[in-house]
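1. Need coordinates for the following:
(one chain, ligands or ions: 1)
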Amino acid sequence: MPESPHIGVLALQGAFDVHARRLADLGATTTLVRKPAQLDALDALVIPGGESTTFLKHLERAGFYAALGAFVHTKPVFGTCAGCILLAKEVTNPPQKSFGVLDIAVERNAYGRQNESAILTADTALPGGPLEMVFIRAPRITRVGPSVEVLATREATGHGASSPTLVRQGRLLAATFHPELTADTRVHQLFLDIVRNATHP
Ligand code: GLN
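-> Next up, the predicted model:
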C-alpha cells in the first residue's frame with residue numbers, strides 16, 4: 001500500500017477545497033480533479049456536495065461522464081450530498097441520470113423550503129458517540145438495498161419518517177450531509193480506512 005493513499009476530490013463545482021484539506025490533515029495525498037485523465041493516478045475519489053444537475057452538465061465534457069462511471073464501478077468513492085445523488089441507483093424529485101452504483105434511492109431537496117439547512121446531532125454506528133451533521137438542501141435516502149449498511153440516521157420530523165444519512169456499500173461511502181463542515185473527522189477517517197483496505201487488503 002502507498003503509505004499515503006492518493007485521493008482525488010472532484011473539483012468541477014461545489015465544496016471541494018475543505019474535503020481536500022481534511023483528507024490531507026488525515027495523511028492522504030490529495031489532487032483536485034478537473035480532467036478525466038487525472039483519475040488514472042488515483043486510489044480513490046470524493047465527489048463533494050454542490051448541485052448535482054450542475055455536476056452532470058460539467059461531466060458531459062470530453063468523456064468525463066464515462067471515465068468517472070468506470071472509476072466509481074471499481075475504486076473507493078465517497079459521495080456527499082450531490083455526490084451521494086450521483087452514486088445512487090435511483091433519483092427522484094425529479095428523476096435524474098446517475099451512476100447507479102450504490103443500491104439506494106434518493107429524493108432530491110427532500111426536506112422542504114423551511115428546512116433547507118439544518119444542523120442535527122444523532123447517534124451513529126461510528127465509534128465515539130453522537131455525530132453532528134450539517135444538511136444543506138439535502139437529499140433523503142428513501143430505500144437502501146440489502147448490501148448497504150446504515151451508519152447514521154436522521155430522526156423522523158414533520159417531513160416524514162427517519163432516514164439514513166450515512167451509508168456504506170463495501171468500498172462506497174455516501175452521506176446526505178456535509179461532514180467537511182464540522183470539526184469531527186470520523187467520517188473522512190472511515191473513508192481513509194476503506195481506501196487503505198481496498199488498496200492493501
Ligand atoms: N440539492 C442539491 C442537489 O440536488 C444537493 C445539495 C448539496 O449537495 N448540498 O443536487
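
2. okay, CA-based contacts and neighbour counts for the rest of this
-> Noted.

3. and the lowest-mean-pLDDT helix or strand in the chain, anywhere near the ligand?
-> Scoring the helices and strands of the chain by mean pLDDT, DSSP states H and E places strand 117-122 at the bottom, with a mean of 92. No: contact of strand 117-122 with the ligand (C-alpha under 6 Å from any ligand atom) is absent, the minimum separation being 8.9 Å.

4. what's that strand in contact with?
-> For strand 117-122, the external contacting residues (C-alpha atoms under 8 Å, 6 or more residues apart in numbering) are 130-138, 152-155.

5. Highest neighbour count among those?
-> The most neighbours of any of the contacts of strand 117-122, using other C-alpha atoms under 10 Å, belong to Ala138, which has 29 neighbours.

6. I'd say it and Tyr111 touch.
-> Yes: here Ala138 lies in contact with Tyr111, judged by C-alpha atoms under 8 Å, at a distance of 7.0 Å.

7. Give the rounded mean pLDDT of the longest helix anywhere in the chain.
-> Counting residues, the longest helix found in the chain (DSSP state H) is helix 186-199. Taken as a whole, helix 186-199 has an average pLDDT of 95.

8. just how off-centre is stretch 193-200 within its chain?
-> Centroid separation for stretch 193-200 versus its chain: 17 Å, with C-alpha atoms, centre = their mean, to the nearest Å.

9. Show residues contacting that stretch.
-> 1, 5, 43-44, 75-76, 171.

10. re the thing from before, give me the buried positions along the longest helix of the chain.
-> 187-188, 191-192, 194-196, 198 (16 or more other C-alpha atoms under 10 Å).

11. by how many degrees do the strand or helix carrying Val150 and helix 186-199 diverge?
-> In the assignment (DSSP states H and E), Val150 maps to strand 149-154. Calculated by axes from the mean of the first three to the mean of the last three C-alpha atoms, to 10 degrees, strand 149-154 forms an angle of 170 degrees with helix 186-199.

12. list the helices and strands strand 149-154 packs on?
-> Strand 149-154 is packed against strand 117-122, strand 163-169, with contacts defined by 3 or more C-alpha pairs under 8 Å, 6 or more residues apart in numbering; DSSP states H and E.

13. Output that strand as PDB - backbone C-alpha positions only.
-> Coordinates of the C-alpha atoms in strand 149-154 are reproduced here as PDB (Å, rounded to 0.1, in the frame of the first residue of the first chain):
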ATOM      1  CA  GLU A 149     -25.000  -0.700   5.800                       C
ATOM      2  CA  VAL A 150     -26.600   2.300   7.500                       C
ATOM      3  CA  LEU A 151     -24.100   4.100   9.800                       C
ATOM      4  CA  ALA A 152     -26.200   7.100  10.800                       C
ATOM      5  CA  THR A 153     -29.800   8.100  10.600                       C
ATOM      6  CA  ARG A 154     -31.800  11.400  10.700                       C
END
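
14. tell me the angle of that strand relative to strand 163-169?
-> Going by the same axes, to 10 degrees, strand 149-154 makes 160 degrees with strand 163-169.

15. tell me the mean pLDDT for strand 149-154?
-> Mean predicted confidence for strand 149-154 is 96.

16. Identify the residues contacting that strand?
-> 120, 122-126, 162-169.

17. Might one say that Val134 is in contact with Ala175?
-> No: Val134 lies out of contact with Ala175 (C-alpha under 8 Å); the separation is 10.4 Å.
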